[in-house]
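**Student:** I would like to see how this sequence folds:
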Amino acid sequence: MVLTRLAKFAAALSLGALGLHCLSARAEKPKAAPPVARAERVVVMQVTQKGYEPSPLTLKKGEPVHLRITRTTDRTCANEFVLGEHGLNVPLPLDKEVSIRFTPSKSGTLVYGCGMDKMISGKFLVE
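**Tutor:** Numbers count the residues shown, from 1 in each chain. Prediction:
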């Protein structure tokens, strides 16, 4: 008789545990996959006596950009990279590559240039 009670108790515990497991398994929702990061586009530029080269460049809205800029001349005022729409004002030391990253957030033309009110400038055409 004691063995029968123990068997019934063990069966009840097993069924209860199984029921809780089923309920918790149903409550868990599958996790959504994280958004896929867009690949970064690398753009190599130079500042020469002609200005920022190449220009204009076509970029895509929402695509991260990694600019690698080297100033190769000291004969212009283009000793920095200013892109006000993205809060960028980065010094460009002579003959040293500088990395700048940003992501265009809207379509249109982005004008960048030197710190002298973009007297020497270039353009990004954002699609």
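
**Student:** helix or strand right after the one helix or strand in the chain whose mean pLDDT sits lowest?
**Tutor:** Lowest mean confidence among the helices and strands of the chain (mean pLDDT, DSSP states H and E): helix 2-27, at a mean of 56. Using DSSP states H and E, the next helix or strand after helix 2-27 towards the C-terminus is strand 41-48.

**Student:** give me the buried positions along that following strand.
**Tutor:** 45, 46, 47 (16 or more other C-beta atoms under 10 Å). Yep, even glycine has a C-beta here, placed from its N, CA and C like the rest.

**Student:** stretch 67-82 now?
**Tutor:** Applying a neighbour-count criterion of 16+ other C-beta under 10 Å, the buried positions in stretch 67-82 are 67, 69, 70, 71, 76, 78, 79, 80, 81, 82.

**Student:** quote the end-to-end distance of it.
**Tutor:** Using C-alpha to C-alpha, to the nearest Å, the gap from the first to the last residue of stretch 67-82 comes to 13 Å.

**Student:** begin at 44 from here
**Tutor:** Sure, I'll start numbering at 44, so the last one becomes stretch 110-125.

**Student:** quick one on the thing from earlier: any idea which of the buried residues of stretch 110-125 is closest to residue 140?
**Tutor:** For the buried residues of stretch 110-125, the minimum distance to residue 140 (C-beta to C-beta) is 4.8 Å, reached by residue 113.
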